[in-house]
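Asker: All I have is the shape, not the residue letters:
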DNA sequence: GTCAATAGCATACGCAATGTATGTTAATAA
DNA sequence: TTATTAACATACATTGCGTATGCTATTGAC
């Protein structure tokens, strides 16, 4: 029981550091975030950080894994709510764009993440969002809705398109109007994947 | 004439700094590149740097503008070589993917650039690549080849897709095979933009 | 129950790197 | 001829990361 409480303490420490890091990275960016400030706001020092995560990049990885998991569940929800697999695929994409609009996700997952850790597909565990999209597309191919393409390649392209759309929307003066345009273009573009009923 | 030589000297200095910066940023990444090393290899000191470019970000901007211009011409070449506007559009996209495979372009334009300077569409001058794609799509809409969509939105999505494809290819174990897959999926995807001959 | 060992975190230090403030030289303008 | 400024170099101050070291409490051995 004492051991259990000890393990809980460690998890508490890690969770508090990750929470503070999410805030700091989102607000100041990865490079601009100070580890001293970070840990101080979590009620700790850099000692705790280097003990638990190795270095600054290690902390970013932990933050990214957490956000990635959250994005995964939200995409699954959007997907499962739809009536057909194809509509689920569309909603999944739109959900991705919507999430990518949140400053935290945009800054950490889309801008700093790739710059610091390299290509997302090489991130430690797995880029969950990408996997979901790949699986969804593969299912669409199997059921005959989508033409025969490499599912991972298509997922990659779709993700990139949605990502860029989100950056565009977020940087625009009228995000609402641009969002509508982007979604319309997105829905049009993915039609190319549909199997032509020759 | 003395004035002219003076102006030439300044341009020489700027050019040498930008050249050294391109090498350093490509090799070590923006954050990892040291301004002292940079300027020393250019035969100068940090004084010249801060006088001509303001700060480190200013230097990155100058580098990006140069690379952006180079990419623009290469895309135009690929575009103009094709026989039809639609084929030119496809070749333009493939050319972009090919360029994005070069480590220098990938690191500076696709990874560090957005992380440091924010969304490319907000970059000082203009993101030339994006403009070309937008114009090409608009021309396709005008000639009736492509269905009525927002040209800029479509260009954004296409660019993002190509960008992500390049990152994927570059990080893969077998770039050649993955490149083929990506291009195939790309060609399939953009078919969605074609006007259906109803 | 005592003692060694280690996990978890804090403190202290060294080093590198950016930005700024201050020179220095040469060209330009009055 | 002299004053001013552009173009760069040098010197300085600050910040911030990573590591080495120190402290405390828990665990395990006997």
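Answerer: Sure, I can see it. Just so we're clear, the structure is a prediction, and the values are computed from it rather than from any experiment.
Asker: Nearest to DNA strand C: which residue in chain A?
Answerer: residue A:47 (2.0 Å; CB to the nearest atom of the strand). Using the backbone N, CA and C atoms, a C-beta is placed for each residue, glycine as well.
Asker: Next, work out how far apart that residue and DNA strand D are.
Answerer: Between residue A:47 and DNA strand D the computed distance is 5 Å (CB to the nearest atom of the strand, to the nearest Å).
Asker: likewise residue A:122?
Answerer: To DNA strand D, residue A:122 is 19 Å away according to CB to the nearest atom of the strand.
Asker: Then residue A:155?
Answerer: 32 Å.
Asker: Number of residues surrounding that residue?
Answerer: Using other CB atoms under 10 Å in any protein chain shown, residue A:155 has 24 other residues around it.
Asker: average pLDDT for the particular helix or strand that has residue A:161 in it?
Answerer: Assigned by DSSP states H and E, residue A:161 belongs to helix A:151-171. For helix A:151-171, mean pLDDT rounds to 95.
Asker: For that helix, name the packing helices and strands.
Answerer: helix A:85-100, helix A:128-142, helix A:175-189, helix B:151-171, helix B:175-190 (3 or more CB pairs under 8 Å, 6 or more residues apart in numbering or on different chains; DSSP states H and E).
Asker: Low-confidence stretches in chain A?
Answerer: Residues of chain A meeting the criterion pLDDT under 70: A:1-7, A:124, A:197-198.
Asker: Go ahead and flag the most central residue of chain A.
Answerer: Geometric centre of chain A, nearest residue: residue A:68, 4.6 Å, by CA atoms, centre = their mean.
Asker: Enumerate every residue touching that one.
Answerer: A:109, A:123, A:125, A:127, A:128, A:129 (CB atoms under 8 Å, 6 or more residues apart in numbering or on different chains).
Asker: follow-up on the earlier one: how many other residues sit next to the residue of chain A closest to DNA strand C?
Answerer: The burial count for residue A:47: 9, using other CB under 10 Å.
Asker: Same question for the one 4 residues further on.
Answerer: Around residue A:51 there are 11 other residues, counting by other CB under 10 Å.
Asker: Residue A:28 now?
Answerer: Neighbour number of residue A:28 under other CB under 10 Å is 14.
Asker: How about the contacts made by it?
Answerer: Neighbouring residues of residue A:28 by CB under 8 Å, 6+ apart: residue A:34.
Asker: roughly how far apart are residue A:67 and residue B:167?
Answerer: 19 Å (CB to CB, to the nearest Å).
Asker: Equivalent analysis for residue A:93, please.
Answerer: On the measure of CB to CB, residue A:93 and residue B:167 end up 19 Å apart.
Asker: And for residue A:165?
Answerer: From residue A:165 to residue B:167 the distance is 17 Å (CB to CB).
Asker: higher neighbour count, those two?
Answerer: residue A:165 (28 against 23).
Asker: For the more buried one, give me its contacts.
Answerer: Each residue near residue A:165 by CB under 8 Å, 6+ apart is listed here: A:97, A:100, A:182, A:183, A:185, A:186, B:153, B:156, B:157, B:160.
Asker: State the distance from the second one to residue B:9.
Answerer: Which is residue A:100. 46 Å.
Asker: With neighbour numbers in mind, choose between these two.
Answerer: Set residue A:100 next to residue B:9 and count neighbours by other CB under 10 Å: residue A:100 wins out with 22 against 10.
Asker: returning to that earlier point: what's the most distant pair in the contacts of residue A:68?
Answerer: Taking CB to CB as the measure, the contacts of residue A:68 span a maximum distance of 13.8 Å, between A:109 and A:125.
Asker: which of the contacts of residue A:68 count as buried?
Answerer: Neighbour-count burial (16 or more other CB atoms under 10 Å in any protein chain shown) applied to the contacts of residue A:68 gives A:109, A:123, A:127, A:128, A:129.
Asker: Confirm that residue A:11 sits in a helix.
Answerer: Yes: counting by DSSP: H, G, I helix; E, B strand; the rest coil, residue A:11 is found in a helix.
Asker: tally of neighbours for it?
Answerer: There are 10 residues near residue A:11, going by other CB under 10 Å.
Asker: Look up how far DNA strand D lies from it.
Answerer: 14 Å.
Asker: I'd like to know how far that residue sits from residue A:17.
Answerer: Residue A:11 is 11 Å from residue A:17, by CB to CB.
Asker: Kindly report the same for residue A:110.
Answerer: 22 Å.
Asker: residues in chain A within reach of DNA strand C, list them.
Answerer: Proximity of chain A to DNA strand C (CB under 7 Å from any atom of the strand) is limited to residues A:6-7, A:9-10, A:13, A:39, A:43-48, A:51-52.
Asker: Nearest to residue B:56 among these?
Answerer: Once CB to CB is applied, the member of the residues of chain A next to DNA strand C that ends up nearest residue B:56 is residue A:46, at 24.7 Å.
Asker: residues touching residue A:109, list them.
Answerer: Residue A:109 neighbours (CB under 8 Å, 6+ apart): A:64, A:67, A:68, A:71, A:100.
Asker: so which of those residues comes closest to DNA strand D?
Answerer: residue A:64 (16.0 Å).
Asker: how about the stretch of helix or strand the closest one belongs to: buried residues?
Answerer: Counting by DSSP H and E, the element that carries residue A:64 is helix A:56-81. Neighbour-count burial for helix A:56-81, counted by 16+ other CB under 10 Å, picks out A:56, A:59-68, A:71-72, A:74-76, A:78-79.
Asker: returning to what we had before: with distance to residue A:87 as added columns, please give the contacts of residue A:109 in TSV.
Answerer: Listed next are the contacts of residue A:109 as TSV, based on distance: CB to CB, whole Å:
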residue	distance to residue A:87
A:64	29
A:67	26
A:68	24
A:71	20
A:100	20
